[in-house]
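>>> Build me a model from this:
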Amino acid sequence: MVNITNDMGNISITSEVFMNLAGDAATSCFGVKGMAGRSKEGGPLQLLRRESMSKGVGVSFNDDGSISLELHIGVDHGVNICAVSRSIMNEVSYKLSKSTGVPVKRVDVYIDTIIG
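Prediction:
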């Protein structure tokens, strides 16, 4: 959880908020088919529905007040993986910083599946 204090009061932002914002930003990028996740039993990889896309996102809070994100995604067959990953990193970092005011230190993108 991130706590922001100003002269008007205190704001607390939970990791669930960051996960939902990151999942939404990532899936809006060209070439992204969806967020990827595994069942709790370690079953096969599956694309997550829109309402559970935050499960493909991991958030860690850094000592300097910034956050780091880990995204597991599925992409379309034939896209340039490097370009899609760079686009996701930029889009997620920008949208989270703009929406919450919390700096994003790093965004790690893991391409878990290619859908063709």
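>>> Name the next helix or strand downstream of the helix or strand hosting S68, please.
Assigned by DSSP states H and E, S68 belongs to strand 67-76. Per DSSP H and E, the first helix or strand lying C-terminal to strand 67-76 is helix 81-100.
>>> What separation do you get for E70 and N10?
Going from E70 to N10 by CB to CB, to the nearest Å gives 28 Å. The C-beta positions use only the backbone N, C-alpha and C, and glycine is treated the same way.
>>> Ok, V84 next?
Counting by CB to CB - V84 and N10 are separated by 38 Å.
>>> quick one, what contacts G101?
Residues in contact with G101, defined by CB atoms under 8 Å, 6 or more residues apart in numbering, are I4.
>>> Now the phi/psi pair for it, please.
For G101, the backbone dihedrals (degrees, to the nearest 10) come out as phi 80, psi 0.
>>> picking up where we left off before, out of E70 and N10, name the residue with the larger neighbour count.
E70 (15 against 8; other CB atoms under 10 Å).
>>> Hmm, that one is touching Y110, no?
Yes - the pair E70 / Y110 is scored as a contact, 6.9 Å apart, by CB atoms under 8 Å.
>>> So which residue is dead centre in this protein?
Note on the chain: the residue nearest the mean C-alpha position is A22, at 3.3 Å, using CA atoms, centre = their mean.
>>> wait, is that one part of a helix?
Yes - counting by DSSP: H, G, I helix; E, B strand; the rest coil, A22 falls inside a helix.
>>> For T5, see how far away it is.
Distance from A22 to T5, counting by CB to CB: 24 Å.
>>> tell me which strands and helices the strand holding S68 is in contact with?
helix 15-27, strand 32-37, strand 57-61, helix 81-100, strand 104-115 (3 or more CB pairs under 8 Å, 6 or more residues apart in numbering; DSSP states H and E).
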